[in-house]
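> A predicted structure for the sequence below; I have some questions about it.
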Amino acid sequence: MIDASTRLCCLIGHPVGHSVSPQMHNAAFNALGLNYVYLAFDIPPEMLVDAVRGLRALCAAGFNVTIPHKVAVMKLLDELDPSAERTGAVNTVVNNHGALRGYNTDLHGIRRVLEGRDLPLSMPALVIGAGGAARAAVAALIDLGFRRILIANRTLERGLALVEFARSLGASAEALDLEEGRRRAIKCGVVVNATPIGMYPDTGVTPLVAKEMRRGMIILDLVYNPPRTRLLEEAEKAGAVPISGLDVLVYQGAEAFRLWTNMDPPIEVMRRAVVKALEGYRRDDRR
Ligand SMILES: NC(=O)c1ccc[n+]([C@@H]2O[C@H](COP(=O)([O-])OP(=O)(O)OC[C@H]3O[C@@H](n4cnc5c(N)ncnc54)[C@H](OP(=O)(O)O)[C@@H]3O)[C@@H](O)[C@H]2O)c1
């Protein structure tokens with residue numbers, strides 16, 4: 001029941017039309033009986049400053065930030081958590097009595113799906129892609145103990161920039177083109193796909209096929225729509241360990257929920273809401 005004391009959380013980005021965060025967070029608020037609501041706002045870059053000022057004035061409890069504002073929002077905040085400083089990007093903001101503090105919960109989500117596994121830390125880790133998600137993946141892999149990072153990207157300059165970033169965090173790193181990345185994958189302990197390759201509706205494509213993988217290696221696909229991508233199917237064929245981007249999405253959202261509410265997030269409720277929302281979007285597209 002929305003009333004005069006309902007707390008506001010939201011997403012700002014451009015575009016936001018296919019985000020599943022409203023379904024995920026509203027399901028979690030309802031499950032715990034919290035008087036919060038989560039909305040999504042499409043904010044073009046020229047309106048970002050006004051949007052953040054507005055959320056501050058409205059005393060929003062917090063907000064998520066997505067493409068293209070994850071870096072630009074940083075200078076509009078009062079404080080940065082180490083997760084944001086470490087990745088150079090913010091995807092979650094918490095309003096602490098008027099002070100806006102930026103976090104990067106993508107870093108938490110990626111770490112969360114990998115930690116506790118038997119990670120082959122003596123082998124290199126391969127990250128495919130060099131955008132914002134790849135940056136969070138590189139930081140997470142180094143946090144978990146990988147010391148050699150390979151970065152395969154379509155555009156070499158962006159790959160080289162990420163190599164510099166990995167080196168600044170103390171790892172050795174190398175930039176490859178996508179072809180060389182495919183060739184070297186089999187010698188890696190973990191591969192993270194941080195490109196949209198395989199994302200709905202182009203679900204037939206994959207950055208790697210089974211013969212380029214090894215039994216027991218970990219294949220994390222950050223693509224979450226569909227939850228089971230062609231890359232993860234190829235990983236299963238090869239006897240590799242497939243991890244879906246859906247898990248990362250849920251864990252990054254769960255961490256934001258915890259930061260806003262100080263409550264333990266209802267993970268399974270959030271996961272079910274995301275799966276249902278993604279199915280709904282795919283059904284609507286087919287109509
Ligand atoms: N599961 C989660 O919670 C989660 C969180 C964040 C992101 N993601 C997913 O991760 C992916 C990347 O997101 P992002 O925020 O990093 O995006 P981004 O900053 O726009 O970076 C996209 C990266 O993908 C590469 N790329 C794009 N299209 C490609 C293609 N057709 N072939 C080869 N490379 C291509 C780009 O290469 P260039 O440098 O050559 O342009 C760039 O390296 C998206 O699918 C996103 O949905 C998932």
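Nice, I can see it.
> so how far is the first residue of stretch 187-194 from its last?
Stretch 187-194 has an end-to-end distance of 19 Å (C-alpha to C-alpha, to the nearest Å).
> Report the buried residues of that stretch.
The neighbour-count check on stretch 187-194 (16 or more other C-beta atoms under 10 Å) flags 188-194 as buried. Bear in mind the C-beta positions are built from the backbone N, C-alpha and C, glycine included.
> average pLDDT across that stretch?
For stretch 187-194, mean pLDDT rounds to 98.
> Enumerate every residue touching the residue nearest to the spatial centre of the chain.
Most central in the chain under C-alpha atoms, centre = their mean is Asp106, positioned 4.1 Å from the mean C-alpha point. By C-beta atoms under 8 Å, 6 or more residues apart in numbering, Asp106 lies in contact with 87, 89, 91, 132-133, 136, 248, 252.
> Please flag which of the residues you listed sit within helices.
Using DSSP state H, the subset of these located in helices is 87, 132-133, 136, 248, 252.
> what about the helix or strand harbouring the residue nearest to the centre of the chain, distance to the chain center?
Using DSSP states H and E, Asp106 maps to helix 105-114. Helix 105-114 sits 8 Å away from the centroid of its parent chain (C-alpha atoms, centre = their mean, to the nearest Å).
> What of stretch 116-123?
For stretch 116-123 - counting by C-alpha atoms, centre = their mean - the centre lies 21 Å from the chain centre.
> contacts for that stretch?
Counting by C-beta under 8 Å, 6+ apart, 144-148, 187-190, 217-218, 241 sit against stretch 116-123.
> switch to 10 Å and redo it
By C-beta atoms under 10 Å, 6 or more residues apart in numbering, the list of residues contacting stretch 116-123 from outside reads 125, 141, 144-148, 187-190, 214, 216-218, 241, 243.
> So which of these belong to helices?
Per DSSP H, the contacts of stretch 116-123 map to helices at 141, 144.
> Inside strands: which ones of the contacts of stretch 116-123?
Judged by DSSP state E, strands contain the following of those: 125, 148, 190, 218, 241, 243.
> pLDDT and neighbour count for the contacts of Asp106 - can I get that in a markdown table?
Formatted as a markdown table, the contacts of Asp106 follow (pLDDT from 0 to 100; neighbours: other C-beta atoms under 10 Å):
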| residue | pLDDT | neighbour count |
| --- | --- | --- |
| Thr87 | 94 | 24 |
| Ala89 | 94 | 24 |
| Asn91 | 97 | 32 |
| Gly132 | 90 | 20 |
| Ala133 | 94 | 25 |
| Ala136 | 96 | 31 |
| Val248 | 98 | 29 |
| Gln252 | 98 | 25 |
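> Pull the most distant pair out of the residues you listed.
Using C-beta to C-beta, the contacts of Asp106 reach their maximum pairwise distance at Ala89 and Val248, which is 14.9 Å.
> count of residues packed around the closest residue to the ligand within the stretch 51-200 of the chain?
Nearest residue of the stretch 51-200 of the chain to the ligand: Gly131, at 1.9 Å (C-beta to the nearest ligand atom). A count of nearby residues for Gly131, using other C-beta atoms under 10 Å, gives 17.
> now do Val250
27.
> That'll do, ta.
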